[in-house]
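> got a sequence here, can you model it:
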Amino acid sequence: MPEFRRYILTNQCYFVTTRVLNGEPIFKSRELCLILIDNLKFYKDKMQFKIFGYVIMPDHFHGLIKPQGSVTISDIMRSIKSYSIKQIAEVCRRKRSLWQSRFYEHVPRSEQDILIVE
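This is a model prediction of the structure:
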């Protein structure tokens, strides 16, 4: 697998997408959506980042997130994904695998860019 480099920009809002492994539609469950939302709120307070919006789809998550200080978008996504895996695994009585290993990000360059981003 080729090496993947993420460019970290300061004081930028990121549009992020992360997917459930194998496209499993686990977020059809309200209970599992609430776990993810609680994780977003917890880490938002703990890591002091801003969330401008998010959407939880059956097999993936989109968010507009702006890191603050020395916290990076990678730190934020790693924390949200790792803790939500533990909680969802307990509820579903499943092994730990949940998220694809990477996430995708895009830095919107204008208001119009935010409106058209997928």
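> C-alpha from now on. contacts and neighbour counts both.
Fine.
> give the contact list for the closest residue in space to W99 that isn't next to it in sequence.
Spatial nearest neighbour of W99, excluding adjacent residues (CA to CA, 6 or more residues apart in numbering): V20 at 4.4 Å. Counting by CA atoms under 8 Å, 6 or more residues apart in numbering, V20 touches 26, 59-60, 98-100.
> just the buried ones from these, in ChimeraX syntax?
Of these, the buried ones can be selected in ChimeraX as follows, counting by 16 or more other CA atoms under 10 Å:
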select :26,59,60,98,99
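> return the closest of the contacts of V20 with respect to P108.
Nearest to P108 among the contacts of V20 is H60, at 19.6 Å by CA to CA.
> need the pLDDT of the closest one.
Model confidence at H60, given as pLDDT, is 96.
> for it, list the residues it contacts.
Applying CA under 8 Å, 6+ apart, we find H60 in contact with 17-20, 23, 27.
> let me know the closest of those to R109.
T17 (17.0 Å).
> could you report the neighbour count for the closest one?
T17: 20 surrounding residues under other CA atoms under 10 Å.
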